[in-house]
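Peer 1: Show me how the following folds:
(chains A and B)
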Amino acid sequence: MTQVSMTVNGKAVSVEAEGNTLLSTFLREGLGMTGTHVGCDTSQCGVCVVHVNGRPVKSCNMFAAEAEGAEVATIEGMANEDGSLGVIQQAFQDNHGLQCGFCTPGMVMSAAALLAENPKPSEAEIRAYLSGNLCRCTGYHNIIKSILAASGQEMKVAAE
Amino acid sequence: MPADGTANGGIGAATKRREDVRFLTGKGNYTDDINMRGQAYVVFVRSQVAHGVLNGVDTADASAMPGVIRVFTGADFAEVGGVPCGWCVTDKHGEPMQEPKHPVLAEGKVRYVGDAIAAVVAETESQARDAAEAVAVDIEELPAVVDMKAALVEGSTKVHDDLGSNLCYDWGFVEENKDAVEQAMFSAAHVTTLELVNNRLIANALEPRVAIGDYNSAAGDSTLYTTSQNPHVIRLLMGAFVLGIPEHKLRVVAPDVGGGFGSKIFHYAEEAFCTFAAKALNMPVKWTAQRSESFITDAHGRDHVTKIELALDEDNNFTAVRTETYANMGAYLSTFAPSVPTWLHGTLMAGNYKTPVIYVNVKAVFTNTVPVDAYRGAGRPEASFQLERVIDKAARELGVDPIALRRHNFITEFPYATPVAVEYDTGDYNATMDKLEEIGDLSGFEARRAASAEKGLLRGLGVNCYIEACGIAPSSLVGQLGARAGLYESATVRVNATGGLVVMTGSHSHGQGHETAFPQVVADMIGIDASMVEIVHGDTANTPMGMGTYGSRSLAVGGSAMVKATEKIIAKAKKIAAHLMEAADSDIELKDGQFSVAGTDKSVAWGDVTLAAYVPHNYPLEEIEPGLEETAFYDPANFTYPAGAYACEVEVDPETGKVSIASFAAADDFGNIVNPMIVDGQVHGGIGQGIGQALLEHAVYDEDGQLLSGSFMDYAMPRADDVPFYTVDHSCQTPCTHNPLGVKGCGEAGAIGSPPAVVNAVVDALQRAGHDITHIDMPLSPSRVWSAINS
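Peer 2: Residues are numbered from 1 along each chain as shown, chains lettered A, B, ... in the order given. Next up, the predicted model:
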């Protein structure tokens, strides 16, 4: 066991962890931050996406020790300071971009990373960017619509 | 409007979901988020071979490993019942199905890859996982039975030695119509025949299954926290049939559930294990499935092999349908498995059409594979797929328009008694087809096809209808059909002194938005803001006995129970209001949360009445009791029959065989709608899953019974870039005639209606390009399509 320290949602944390403790386990079990979920063991589903130093990572695919000293952001840190939903979160609620909610933390964190690097993504760019995030409930329709809305764009059904 | 932005309208409002706030902020409470003080962790040792004699399990080394508390084997469950099956199908000879014992941990034999042999309980999960590796299992491998038809050959290896064969049942429906169907086939002007496979699927809810057993030795109470769509069903099945715990000493809690699609209906051995082990060890025991474990332990879906024949007369009237299906049960009978290929499938073989005689034969087969059970649609997708595919094939053979052929045979008068034992109460199939032609712009297809052709792509249009029976269902009927449970739903409406309501229901959300939609119903009846109503569900300790959420039943059956309970509340509240206003009960009207005396300006507010109920200083105590709380159980008179018409346009790349969904339109009739936003979302999700079945998903076993598609790397789930935006509409509404809300249910329609649309579209694209291809089995992968083009 070694002491692993990092900043999570702006707050310094330090918890003992095994060398093989995954970042997702560190967050969920070490810090009790269960907003980050785990949906597979092959880094294929994306429900565990968090940001490490501003980049989206699948937290089940990274050791906690690798995040030593890093700035980590999770779904728990996405609301506004007054507790109200952030822009992306609000867009997901407004557009019914979630159903069971299990993939939602990963979707929101991936969406935030996308919009940080591409503030006005096209529908095709959003779909391509989310290809590492599985959702089984929504058929993706309202997730794409939510992200378009969060970027100030309207949905257009492809009419060819 | 409250701070969370949730509007709180009544029936028909697109109210935003209140549960979203916790799901969007990381404050959901899923089962794996729960840790009990002092809990141990269990890891199961699972069979790596599909079939074998279990000669012995040596747990000595594992037991000596660090942190190991105890290693359990099948012998520890000798005094415990097996995992029960909740439905008994009677075969065509009047005999009950063959029903093997399903032990919690394997006894004597292992029967599929994933069958649990031993369970290691340790202080940490990693200790349990390490020790599980040290359990020595001695298995004498036997030939695996994987192919259904081979399994039925005389002399085939048997999955269960104590059964006569691998045949679970041979079901004929309606057996009395068999000869009439034979005659109709013989005298038909045209018979179209199609052999097809309904591919085996895995539900893959994104939340893996979890179970936590807990035991209070002082009280003798057991508690199970589990990922379930129906905690009361789990309590009844596990308590009564497996562990022998009466309901009052057993509590089952299903907190937030991360998707289910059927796979979390069933009672699984891991639930019984954790409950049993918690008592045996006097400590909480937690199991969290890894995804690779989910693939080999969650019940799979579909897996039918079918031959269907459609007979038509010289005027293109359908005169008979005959189908023969082999349905895979897997190695054991999962909770509702026998009902899926029979009553949930055969009864829908009339579809939307007035076919006078129908005969359905289903042979259910045991194989050395994971048990197969209900997956979104459950039986109805299998019925719709074969019927809508064979109709499409018939239209092409006869040279008639597929839509026209359907319209020509539509049922147009209701109620309509089908020749397969159900009675459709309402519907208007021409209306949904008209709507589909409009929203899908079907008349513009040729122009779009020309545009695709310019890009070198083959465009096709597939259209189909569907009907489903849901709102499952009348207890008396399902009892006759073999269900070992009732299928009512319940609600307790508790009005608090200051006017707020808590509605406790036996149904349970696994993503459907019950916490938002149900208050819309109750609040609408009283005329108050929906934010005054809270839903409690998912815990047997504080909800009335109810059968849970599946079969698109929660609003139609559970919502109706809420209506009945709320009607009782209103009746009693009117008596109180009458007393307060010194009027007759019959003169009291309730509107917008105000009770008034007809023809006067006297009124009292909802809150005045609720307060009087709990502070009965001025109260008709000689007539009625204080308090305001009512329970209702609702058992419907019939199934509900949502129906609709779907259209898919595809582009096929002839060079690669890759199919892209260019557009998808769905026109549904769900009867009345409570929350149109949620209904849209349910249809979107179902279509996404249906496209997944049609193009991508396939659970594949090799001949040794190894699951080749055992991870998300091998099992192709639909991803965001595999699907388009969908055009959905539910403005055609023929309300259900027999439930008080007039609702029909919308949860499964998308998954039922979409696979035939996709396949019809691909066949259309290929035929328009001159290829003589009448069918390709799902999933229509690039290699299958390319091979069909180039064969």
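Peer 1: Residue 55: what's it in contact with?
Peer 2: Here I'm looking at chain A. Residues counted as contacts of residue A:55 (C-beta atoms under 8 Å, 6 or more residues apart in numbering or on different chains) are residue A:113. All C-beta atoms are positioned from the backbone trio N, CA, C, and that covers glycine.
Peer 1: that's the other chain; I wanted chain B
Peer 2: B:138-140.
Peer 1: Got a quick PyMOL command for the buried subset of the residues you listed?
Peer 2: Buried residues among these (16 or more other C-beta atoms under 10 Å in any protein chain shown), as a PyMOL selection:
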select buried, chain B and resi 139
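Peer 1: Can I get the contacts of residue B:55 in a markdown table including distance to residue B:224 and pLDDT?
Peer 2: A markdown table is the format used below for these (distance: C-beta to C-beta, whole Å; pLDDT from 0 to 100):
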| residue | distance to residue B:224 | pLDDT |
| --- | --- | --- |
| B:138 | 32 | 98 |
| B:139 | 30 | 98 |
| B:140 | 35 | 98 |
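Peer 1: Give me the neighbour count for the residue in chain A that chain B sits nearest to.
Peer 2: Using C-beta to the nearest C-beta, the closest approach of chain A to chain B is made by residue A:35 at 1.9 Å. Residue A:35 has 24 neighbours, counted by other C-beta atoms under 10 Å in any protein chain shown.
Peer 1: helix, strand or coil for the residue in the stretch 151-300 of chain B that chain A sits nearest to?
Peer 2: Using C-beta to the nearest C-beta, the closest approach of the stretch 151-300 of chain B to chain A is made by residue B:258 at 3.0 Å. Under the three-state scheme (DSSP: H, G, I helix; E, B strand; the rest coil), residue B:258 adopts coil.
Peer 1: residues contacting the residue lying closest to it once chain neighbours are set aside?
Peer 2: Once flanking residues are discounted, residue B:258 sits nearest to residue B:207: 2.5 Å by C-beta to C-beta, 6 or more residues apart in numbering or on different chains. By C-beta under 8 Å, 6+ apart, residue B:207 lies in contact with A:37, A:39, A:100, A:102, B:30-32, B:227, B:257-259.
Peer 1: repeat for residue B:440
Peer 2: By C-beta under 8 Å, 6+ apart, the neighbours of residue B:440 are B:647, B:649, B:663, B:665, B:727.
Peer 1: what's the closest non-adjacent residue to residue 58?
Peer 2: Unless you meant another one, I'm taking chain A. Per C-beta to C-beta, 6+ apart, closest to residue A:58 is residue A:43, 4.8 Å.
Peer 1: wait, I meant chain B there
Peer 2: Residue B:58 sits nearest to residue B:136 (C-beta to C-beta, 6+ apart), 4.0 Å away.
Peer 1: Would you confirm that that neighbour contacts residue B:45?
Peer 2: No. Residue B:136 lies out of contact with residue B:45 (C-beta atoms under 8 Å); the separation is 9.7 Å.
Peer 1: Residues that sit against both of these two, list them.
Peer 2: Each of residue B:57 lies in contact with both residue B:136 and residue B:45 under the rule C-beta under 8 Å, 6+ apart.
Peer 1: Skip the chain neighbours and tell me the closest residue to the residue nearest the centre of chain A.
Peer 2: Most central in chain A under C-alpha atoms, centre = their mean is residue A:109, positioned 2.4 Å from the mean C-alpha point. The shortest distance from residue A:109 to any non-neighbouring residue, by C-beta to C-beta, 6+ apart, is to residue A:49 (4.4 Å).
Peer 1: what about the one you found, how many residues close to it?
Peer 2: Neighbours around residue A:49, by other C-beta under 10 Å: 29.
Peer 1: ok, now residue B:61?
Peer 2: Residue B:61 is flanked by 14 other residues according to other C-beta under 10 Å.
Peer 1: pretty sure residue B:387 is touching residue B:308, no?
Peer 2: Yes. Between residue B:387 and residue B:308 there is a contact at 7.1 Å, judged by C-beta under 8 Å.
Peer 1: okay, the two: which has more neighbours?
Peer 2: In this view residue B:387 and residue B:308 are compared by other C-beta under 10 Å, and residue B:387 has more residues nearby, 29 against 24.
Peer 1: can you pull the contacts of the nearest residue to residue A:78 once chain neighbours are set aside?
Peer 2: For residue A:78, ignoring the flanking residues on the chain, the nearest one in space by C-beta to C-beta, 6+ apart is residue A:86 at 4.9 Å. Residue A:86 makes contacts with A:78-80, as judged by C-beta under 8 Å, 6+ apart.
Peer 1: how far away is residue A:86 from residue A:146?
Peer 2: 12 Å (C-beta to C-beta, to the nearest Å).
Peer 1: And residue A:79, by the same measure?
Peer 2: On the measure of C-beta to C-beta, residue A:79 and residue A:146 end up 16 Å apart.
Peer 1: out of those two, which sits in the more crowded spot?
Peer 2: Neighbours around residue A:79 and residue A:146, counted as other C-beta under 10 Å, are more numerous at residue A:146. The numbers are 27 against 19.
Peer 1: any idea which helix or strand carries that one?
Peer 2: helix A:141-150 (DSSP states H and E).
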